[in-house]
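*Asks:* Give me a 3D structure for the following:
(2 chains)
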Amino acid sequence: MSTAPRSFALLAELTHRCPLRCPYCSNGLQLTGKSSELSTAEWSRTLREAAAMGVLHVFFSGGEPLLRADLGELVQVARQAGLYSNLITSAYGLNRQRLADLKKRGLDSVQISIQAAEAALADTIAGTEAHARKLAAAGWVRELGLPLTVNVVLHRENLAQLEALIALAERLGAQRLELANVQFYGWAFANRQLLLPTAEQVKWADGVAAAARERLKGTMEILYVLPDYHGDRPKPCMQGWGARQLTVDPEGRVLPCPTAGAIPGMRFESIRDKPLDWIWAESEAFNRFRGTGWMPEPCKSCDQRTIDHGGCRCQAALLTGDPARTDPACALSPDREVLVKLVREAAADPEPTESRLHALRYRVNPAS
Amino acid sequence: MTVAAIRLQDRPRLSSKARLRPDGPSGKLALLSPENIMLLNATGAAIVELCDGRSVAEMVSALALRFSAPPERLQAEVIGYLARLREKGLLEVAA
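*Replies:* You can find the predicted model right below:
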């Protein structure tokens, strides 16, 4: 009999294809091509299996989920299975008619990413002209009566526009604004030197976000994701490995989080081979970092171990080469110096934004 | 910003982003919204099920009848619960 906790949310990465090339993307450098993607039937089965095991939320994401012609069909399957469906999109390629169709099929909520407060910088970061289309799409979301979340990944090159970004989200009529300080995985990790903010920037942004949250209480909810390279304690990543949510990637691998696929030496099962509930409850990968039994010191004897779960396994793997070590985002980590050095080096970079932007390494997308 | 207190004549409804459904594993009602799940206890469920456009006063009367409790005792609890739902953006309150 399994003692696995219940999973409440499924992140469905329908595709890695994307019209944007954001250098802060957390997708891995190795992206899946269209020919390896799950079929409509395979995704439909995955959604039904997720609902049957107690999942309540599905997040259709990617890449850009709009690039899947069967998105509407999958939204409909999700609704029939009782799932609350969220579309996580760049909004590039969205039109009013398609959005109305998605709503008719049962879409519950839309989250649109914004790269900066004004088009010039936003389009530079996106690597394509996208900003104006996003603003139009946000308008359709509101017109059709769908709840709108605006998501902004904050980093060194757009942080100075934070106040204008909050004002933009208000103007767009967002009910929810996610201000997510960039987390360093995948393409973002490759660009960390250019994206890491300075300690002064972070301190200023924390204050701006806190004041806005207070001011907008009851109107627009603000979620502020802390920049963990600048903290003393690690984030409680995913509320624990295999604890509350799961990800299915474009080729069907089932992951405890969107970035775990990049951890060296781990093998993740595919929904092409095994039932979803078995993978969640019984597979070796999902059980490897569940609970506290796997922890090394200083986590093992730490009074925070059931609160922060030892931080992030992907980050430990990226920074130390070993996913089973304490996350260096914790000041108590024996590997802390690795992270401190990255922050110091980035802070010492004197280049102004314009010349730094030229050095960004843009995401390279798989062919459509 | 100070949000106005909820009054007896207000008519609360679940907001467009909120969806109510039974939850099999817990046997409770789940109130779903983007990034949020509330599994409602019996009192919470009774209150939320009455957020259909009737007034708070009417909700209190209905609950008093259902739970055989004096309305004046229920009133503060109902208003407090509604205020918390509104703060989470789950409730629209029309006067």
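*Asks:* Those residues of chain B touching chain A, which are they?
*Replies:* Neighbours of chain A within chain B, by C-beta under 8 Å from any C-beta of the partner chain: B:1, B:3, B:15-17, B:19, B:21, B:23-25, B:30, B:32-35, B:37, B:86-89. Where you see a C-beta, it was placed from the backbone N, CA and C, and this is true even at glycine.
*Asks:* contacting residues for the residue lying closest to A:Thr353 once chain neighbours are set aside?
*Replies:* Counting by C-beta to C-beta, 6 or more residues apart in numbering or on different chains, A:Thr353 lies nearest to A:Glu157, which is 5.5 Å off, once chain neighbours are set aside. Contact partners of A:Glu157, counting by C-beta atoms under 8 Å, 6 or more residues apart in numbering or on different chains, are A:121, A:125, A:194-195, A:353, A:356-357.
*Asks:* Need the residues you listed in TSV (columns: neighbour count and secondary structure).
*Replies:* TSV is the format used below for the contacts of A:Glu157 (neighbours: other C-beta atoms under 10 Å in any protein chain shown; DSSP: H, G, I helix; E, B strand; the rest coil):
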residue	neighbour count	secondary structure
A:Leu121	18	helix
A:Ile125	26	helix
A:Leu194	22	helix
A:Leu195	26	helix
A:Thr353	13	helix
A:Arg356	17	helix
A:Leu357	15	helix
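*Asks:* Mind jotting down where the strands sit in chain B?
*Replies:* B:11-14, B:19-23, B:28-33, B:36-40, B:91-94 (DSSP state E).
*Asks:* If you could redo that for the stretch 51-200 of chain A, that was the one I meant.
*Replies:* A:57-61, A:84-89, A:109-113, A:148-154, A:176-181 (DSSP state E, counting those that start in this stretch).
*Asks:* What is the burial count for the residue of chain B found nearest chain A?
*Replies:* Closest residue of chain B to chain A, C-beta to the nearest C-beta: B:Lys17 (3.4 Å). The number of residues packed near B:Lys17 is 22, by other C-beta atoms under 10 Å in any protein chain shown.
*Asks:* Can you check the pLDDT for it?
*Replies:* With respect to pLDDT, B:Lys17 scores 90.
*Asks:* excluding its backbone neighbours, what's nearest it?
*Replies:* Here the nearest residue to B:Lys17 in space, its sequence neighbours aside, is A:Pro147; by C-beta to C-beta, 6+ apart that works out to 3.4 Å.
*Asks:* which ones are touching the one you found?
*Replies:* Contacts of A:Pro147 (C-beta under 8 Å, 6+ apart): A:108-110, A:175-176, B:15-17, B:33-34.
*Asks:* Leaving out sequence neighbours, find the closest residue to A:Ser333.
*Replies:* The nearest residue in space to A:Ser333 (C-beta to C-beta, 6+ apart) is A:Thr326, at 4.3 Å.
*Asks:* Just the helices from chain B, written as ranges.
*Replies:* If DSSP state H is used as the criterion, the helices of chain B fall at B:42-48, B:56-67, B:71-87.
*Asks:* Quick one: those as CSV, columns for distance to A:Phe286 too.
*Replies:* Below are the helices of chain B laid out as CSV (distance: least, C-beta to C-beta, whole Å):
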stretch, distance to A:Phe286
helix B:42-48, 32
helix B:56-67, 43
helix B:71-87, 34
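*Asks:* Residue of chain A nearest chain B, please.
*Replies:* For chain A, C-beta to the nearest C-beta, closest residue to chain B: A:Pro147, 3.4 Å.
*Asks:* How many residues are close by A:Lys203?
*Replies:* 11.
*Asks:* Would you indicate which residues of the helix or strand harbouring it are buried?
*Replies:* Taking DSSP states H and E as the definition, one finds A:Lys203 inside helix A:199-215. Of the residues in helix A:199-215, those buried by neighbour count under the rule 16 or more other C-beta atoms under 10 Å in any protein chain shown are A:201-202, A:205, A:208-209, A:212-213.
*Asks:* Now render those as a markdown table, adding distance to A:Arg313.
*Replies:* What follows is those, written out as a markdown table (distance: C-beta to C-beta, whole Å):
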| residue | distance to A:Arg313 |
| --- | --- |
| A:Gln201 | 28 |
| A:Val202 | 24 |
| A:Ala205 | 27 |
| A:Val208 | 31 |
| A:Ala209 | 27 |
| A:Ala212 | 32 |
| A:Arg213 | 30 |
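*Asks:* Report the two members of those residues separated by the largest distance.
*Replies:* Farthest pair in the buried residues of helix A:199-215 (C-beta to C-beta) is A:Gln201 and A:Arg213. Separation: 18.4 Å.
*Asks:* so where's the chain shaky on pLDDT?
*Replies:* Answering for chain A, as no chain was given. Residue ranges of chain A with pLDDT under 70: A:1-2, A:368.
*Asks:* Switch to chain B, please.
*Replies:* Those would be B:1-3, if you go by pLDDT under 70 across chain B.
*Asks:* Show me which residues of the stretch 151-300 of chain A sit near chain B.
*Replies:* By the rule C-beta under 8 Å from any C-beta, the part of the stretch 151-300 of chain A lying against chain B is A:175-176, A:215-219, A:221, A:223.
*Asks:* Are any of these buried, and if so which?
*Replies:* A:175-176, A:216, A:221.
*Asks:* contact partners of whatever helix or strand A:Leu339 lives in?
*Replies:* Per DSSP H and E, A:Leu339 falls inside helix A:336-347. For helix A:336-347, contacts defined as C-beta under 8 Å, 6+ apart pick out A:156, A:192-194, A:196, A:198-199, A:229-230, A:319-320, A:328-330, A:333.
*Asks:* Let me know the angle separating it from helix A:199-215.
*Replies:* Helix A:336-347 and helix A:199-215 are oriented at 90 degrees to each other (axes from the mean of the first three to the mean of the last three C-alpha atoms, to 10 degrees).
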